[in-house]
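Okay, sequence plus prediction incoming.
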Amino acid sequence: MMYNMGGTNVNTLSPQGYNPKIKWETTTTWNAGLDFGFISDRITGTVEGYWRETTDLLNSVAVPMGSNFTNYLIQNIGTLVNKGIEVSLNVIPVETKDWHWSVGGNVTFQNTEITKLTAGNSANYKGVETGSKLGGTDGYSALHRVGFAPNVFFLYEQLYDSNGNPVQNGLVDRNGDGEISPSDRYVTGYSPTPWMYFGLNTRLAYKNWDFSVNAHGSVGNYAINNIRKGYSSSNSDDASKGYINNLSSKFLLSGWTNPSNDYQQYSDMWIEDASFLKIDDINLGYTFRLKRFAESIRVAASVQNVCIWTKYTGLDPELYSTANINDGVDNNIVPRPRLYTVRLNINF
């Protein structure tokens, strides 16, 4: 702020909002588990239930007029609850002198929910804008909102014709005021947070040979395919200019032209089910048992990032995180590489 004194504008100092009670968040966790083993530990596993509450999360909330030097103040006021069940199981179906076969897996069923963001009635509170800007000037892609998982998508509802095809620049006027505006955005209920994680592994050995496979996946996580949105033009002029020549055809939407306004960028038609099962690696090896100069020599070959099963039309439903936060927006045009490796290990 500047103040005119004697014809000269002078910078002035003014107090800012301040909260002396800011502190670290607090997490309380309760766990109950059971370990078991049967048939001389040919079958082993664990079952664990957990409940975790994180309180004192920071949020900018309105303060009573005259109580501080600002209308909004950062306070320790948010609460997040995460609860679920984790199960792991390992089975050895075959165990003989020459053969060994083991199969293992783990699965986690979880529910993550924001339970508090303000001191008042959370039902009337829009939430905290978060996520990515999808283009244009219509804000962020998601909200932290009470009653939902973090980063729940906050978008416009797409309008479809009688054949189920998306209408060009057609969005639903949810509040019925005769026009499309930011007030027509709604909480979709979809977020990048899955309700189930799982992992699988198996190992087969015959004498000096060994073979193993590892996989993992998730169910219930969703993504905004921002690449598909940005390169959804079927206009031949665009193609002739080379805009889409180097992109996979699975990014293109038949009969759809490139979105032409800010609101269309935030259509819920770009949300896709990103559940997946991925084979992480396959390994094959042979161990030579020696008596001289070395105890053993192992020769092995492996392949990583083998294949994936998913309904997602992007390159990879397992999205990269930014600053350890996965906002569910896919801007990735570079696929994860598939690696082939040959190894030689000498054990002295």
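Nice, I can see it.

C-alpha only now, for contacts and for neighbours.
Will do.

Quick one: low-confidence residue ranges for the stretch 151-300 of the chain.
When residues are selected by pLDDT under 70, those of the stretch 151-300 of the chain lie in 231-262.

Which residue ranges of it form strands?
152-155, 158-160, 166-171, 186-187, 196-206, 209-219, 222-225, 271-273, 276-289, 296-310 (DSSP state E, counting those that start in this stretch).

now for those, which one comes closest to residue 106?
Taking C-alpha to C-alpha as the criterion, strand 196-206 is the member of those that comes nearest to residue 106, at 5.3 Å.

now for that closest one, which elements pack on it?
strand 99-116, strand 209-219 (3 or more C-alpha pairs under 8 Å, 6 or more residues apart in numbering; DSSP states H and E).

what does that strand contact?
The contact list for strand 196-206 (C-alpha atoms under 8 Å, 6 or more residues apart in numbering) reads 98-110, 210-220.

Now the buried members of those residues.
Those of these that meet the buried threshold are 100-110, 210-220, by 16 or more other C-alpha atoms under 10 Å.

Could you find the closest non-adjacent residue to residue 92?
Leaving aside its chain neighbours, residue 92 sits nearest to residue 102 (4.3 Å; criterion: C-alpha to C-alpha, 6 or more residues apart in numbering).

How much space separates residue 140 from residue 113?
20 Å (C-alpha to C-alpha, to the nearest Å).

Give me the buried stretch members for stretch 309-320, please.
Buried-residue list, stretch 309-320, by 16+ other C-alpha under 10 Å: 312-320.

Go ahead and measure how far that stretch is from the middle of the chain.
11 Å (C-alpha atoms, centre = their mean, to the nearest Å).

pLDDT of that stretch, averaged?
Averaging pLDDT along stretch 309-320 yields 91.

Which residues does it contact?
Defining contact as C-alpha under 8 Å, 6+ apart, one finds that stretch 309-320 is touched by 223, 225, 227-228, 250-251, 272-278, 326, 328-330, 332-336.

7 Å - rerun?
225, 250, 272-278, 330, 335 (C-alpha atoms under 7 Å, 6 or more residues apart in numbering).

Equivalent analysis for stretch 62-81, please.
Residues contacting stretch 62-81 (C-alpha under 7 Å, 6+ apart): 15-17, 22, 52-61, 112-118.

again, only using 6 Å
16-17, 52-61, 112-117 (C-alpha atoms under 6 Å, 6 or more residues apart in numbering).

Who does the biggest strand by length in the chain pair with, and is each partner parallel or antiparallel?
With DSSP state E setting the assignment, residue counts place strand 72-95 as the longest strand in the chain. Strand 72-95 has the following strand partners under DSSP bridges: strand 43-62 (antiparallel), strand 99-116 (antiparallel).

So for residue 155, which of the ones you listed sits nearest?
Across these, residue 155 has its closest neighbour in strand 99-116 (19.1 Å, C-alpha to C-alpha).

per-residue confidence averaged over that closest one?
Mean predicted confidence for strand 99-116 is 96.

Give me the distance between it and the centre of its chain.
Distance, centroid of strand 99-116 to centroid of chain: 16 Å (C-alpha atoms, centre = their mean).

next one: stretch 67-79
29 Å.

how about it as CSV, C-alpha atoms only?
Extracted in CSV, the C-alpha atoms of stretch 67-79 (Å, rounded to 0.1, in the frame of the first residue of the first chain):
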residue,chain,number,x,y,z
SER,A,67,-10.6,-10.9,15.1
ASN,A,68,-7.4,-10.7,12.9
PHE,A,69,-5.8,-8.6,10.2
THR,A,70,-7.3,-10.7,7.4
ASN,A,71,-10.5,-12.3,6.4
TYR,A,72,-8.9,-15.8,5.9
LEU,A,73,-6.3,-17.4,8.1
ILE,A,74,-4.2,-20.6,7.9
GLN,A,75,-5.4,-22.9,10.8
ASN,A,76,-4.9,-26.5,12.0
ILE,A,77,-8.4,-27.6,11.3
GLY,A,78,-8.6,-30.5,8.8
THR,A,79,-9.1,-34.2,9.5
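
quick one on the thing from earlier: quick one: the residue nearest to residue 92 and residue 207, what's the gap?
Counting by C-alpha to C-alpha, the gap from residue 102 to residue 207 is 15 Å.

same check, this time on residue 297
Note on residue 297: its distance to residue 207, by C-alpha to C-alpha, is 14 Å.
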